[in-house]
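build me a model from this:
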Amino acid sequence: MDTGEGGRGGRGGGRYNNRGRGRGDQYYSGGGGRYGGGMQQQQQNDQYYQGGSRGGGGGRGGYHQAYNQSYGNFNQGGYRGGARGRGYWGGRGRSPPRGGRGGPDGGRGGRGAGGREPLPDDVESLSELKGHTKKVTCLELDQASGQLFTGSHDGTVRVWSCTSGECTSTVPVGGEVDSMLIEGGFLFAGVKSTTGQGVVKAWNMATNQEMVLEGHTGRVQCLAAGQGMLFSGGQDQTIRVWKPNAATGMFECAAILRAEHNGHTSSISSMCVSQHIMFSGDAQGGIKVWDLNQGAVIQSLDKAHSDTSHPAIMSMLIWEGHLVTGSLDGYIKVWEPADPSTGTTISGTPIFIFPEAPPQQAQQGGGRGGGRSKGRGGYNQPQQPPLLPGVLSLCGVADPAGKAVVMVSYNGESAIRLWELPSFADRGALADVSNVRSMAGFPAGRLMISGDERGRVKVWRWKDTAATGLIAGAAAAAPGGFS
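Numbers count the residues shown, from 1 in each chain. All right, here's what the predicted structure looks like:
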């Protein structure tokens with residue numbers, strides 16, 4: 001990774017498969033393939049797979065590549081696999097403290113319970129990595145090299161050794177970093193330049209070759225990859241599709257997905273890919289479902305989150321075949337795979353909403369099938385303000401016993417909250433953080449990592465207890481620099 005300007009990727013301007021436009025280039029035919037120096041389609045067998053989630057300051061975070069082999073319920077047999085009934089979700093967590101929501105640009109909402117919360121009994125604080133001078137918006141772990149990459153609005157990408165805990169490199173990138181992705185031997189960073197142009201900088205991690213992919217106006221808020229292609233979501237309401245040129249080794253913009261292609265009509269704030277399906281969320285609370293083989297939108301949920309004046313979908317992940325979305329409206333929603341006979345990918349109504357609306361707030365009608373479930377498990381859009389502030393970021397991890405836990409950061413809160421899936425039972429909080437924009441996990445070391453608005457990168461670790469016996473050898477693999 002060097003600091004030179006490197007070669008520039010082409011601008012491109014193709015349409016997304018040009019469906020219905022009378023052109024025959026069929027951009028997506030073939031799929032797969034390699035990205036220049038080795039970016040290739042990978043089978044997604046891990047428990048979690050987060051796309052480049054950001055909006056107000058994202059970074060994707062989460063575990064990749066067969067994380068925690070004690071359970072493998074993610075994406076078995078494709079997105080439609082692993083569906084669960086409504087009774088599977090919720091019902092065992094306690095009510096969270098009430099707080100305000102805050103604005104779409106990360107303005108502070110009201111706090112819940114006052115004072116610093118103690119760490120959970122099964123988590124310990126390891127380290128704080130210092131160096132960034134402005135908010136950390138994204139971070140990525142390269143497990144192959146044992147390096148942590150962090151991006152910040154201070155205009156740098158920092159590289160940290162997971163062995164020593166030291167910053168080994170600081171790379172000026174010429175603007176504020178808003179998103180980051182490691183895929184197939186490349187590091188990608190979405191950067192807003194000093195001129196206001198949004199670019200994606202790409203580094204071949206084997207050769208240090210740098211490329212600059214130009215075209216966005218404003219921030220590049222999220223990044224995702226699938227079927228051998230890179231996707232960048234922008235503040236300019238477009239998703240750009242980048243494809244490697246095998247002859248030159250450079251990336252070229254092969255398509256620009258706009259509103260006229262049934263795309264988004266507001267800023268793209270989050271994306272994630274599961275096999276051949278890509279989900280994208282926007283600032284108006286809408287979700288688009290894209291078939292990467294067809295190169296087209298196959299489903300739109302225009303008001304997936306819409307109850308408040310700030311419905312932006314800031315983060316999304318997939319767990320056990322379900323799409324999980326977090327929004328500035330304060331809600332986390334779970335969307336189940338749809339019946340194939342409907343011709344849709346996900347159900348148009350969430351199977352679960354957290355926090356759940358109290359039973360007395362339930363209203364008749366409007367639910368799935370025209371009715372509404374009674375008591376706990378009613379899934380209409382809640383009619384009252386949520387019990388928690390707006391969601392900034394989601395990250396899936398697993399505890400030493402193999403139980404799935406989602407890390408959730410909330411706008412204006414000084415803690416990351418841990419909720420166990422599928423019950424959303426309270427697993428405690430990671431305190432002394434501020435408006436966390438990015439989170440990640442390192443499975444070999446049982447680590448949880450966050451970056452916040454004060455430029456701090458914090459590291460926690462799940463404790464290894466004799467009672468679980470499920471992570472033998474993991475302690476030996478833990479990065480010594482964080483212990």
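
Val200 is in contact with Val191, correct?
Yes: applying Cβ atoms under 8 Å, one finds Val191 in contact with Val200, separated by 7.4 Å. C-beta: built from backbone N, CA, C; applies to glycine.

can you give me the strands in the stretch 51-200 of the chain?
Listed in chain order, the strands of the stretch 51-200 of the chain (DSSP state E, counting those that start in this stretch) span residues 123-129, 136-142, 147-152, 156-161, 167-172, 175-183, 186-193, 197-204.

where does this structure have low pLDDT?
1-87, 91-115, 357-387, 465-483 (pLDDT under 70).

neighbours of the closest residue to Trp462 other than its chain neighbours, how many?
Computed as Cβ to Cβ, 6 or more residues apart in numbering, the closest residue to Trp462 that is not its neighbour in sequence is Arg446, at 4.1 Å. Neighbour count for Arg446, taken as other Cβ atoms under 10 Å: 24.

so Arg446 makes contact with Arg461?
Yes: under the criterion of Cβ under 8 Å, Arg446 makes contact with Arg461 at 5.3 Å.

re the thing from before, how about the strands of the stretch 51-200 of the chain, which one is nearest Ala304?
Closest to Ala304 of those, according to Cβ to Cβ: strand 175-183, at 21.0 Å.

direction included, what does the closest one pair against?
Strand 175-183 has the following sheet partners, assigned by DSSP bridges: strand 186-193 (antiparallel).

that older thread, which residues are common contacts for Val191 and Val200?
Common contacts of Val191 and Val200, defined by Cβ atoms under 8 Å, 6 or more residues apart in numbering, comprise Val220.

ok, Leu328 - how many residues close by?
31.

next: Arg116.
10.

in the sheet, who's paired with the residue nearest to it when sequence neighbours are not counted?
Computed as Cβ to Cβ, 6+ apart, the closest residue to Arg116 that is not its neighbour in sequence is Ala431, at 4.8 Å. Counting by DSSP bridges, Ala431 is bridged to Ala415.

just give me the neighbour total for Ala431.
Quick note: Ala431 (other Cβ under 10 Å) scores 16 neighbours.

if I look at it, how far off is Tyr410?
In this view, Ala431 and Tyr410 are 13 Å apart by Cβ to Cβ, to the nearest Å.

same question, Ser179
According to Cβ to Cβ, Ser179 stands 20 Å off from Tyr410.

Asp236 now?
Taken as Cβ to Cβ, the span from Asp236 to Tyr410 is 28 Å.

same question, Trp460
17 Å.

which one of the two has more residues nearby?
Under the criterion of other Cβ under 10 Å, the comparison of Trp460 against Tyr410 puts Tyr410 first, with 27 against 22.

what's the burial count for the residue nearest to the more buried one when sequence neighbours are not counted?
Nearest non-adjacent residue to Tyr410, counting by Cβ to Cβ, 6+ apart: Pro389, 4.5 Å away. Pro389 has 25 neighbours, counted by other Cβ under 10 Å.

was I right about Pro389 contacting Asn411?
Yes: the criterion here is Cβ under 8 Å, and Pro389 meets it with Asn411 at 4.6 Å.

at which residues are the strands of the stretch 351-483 of the chain located?
352-354, 391-398, 404-410, 415-420, 425-431, 438-442, 447-451, 457-462.

so which of these is nearest Gly330?
Counting by Cβ to Cβ, Gly330 lies closest to strand 391-398 out of the strands of the stretch 351-483 of the chain; the figure is 6.8 Å.
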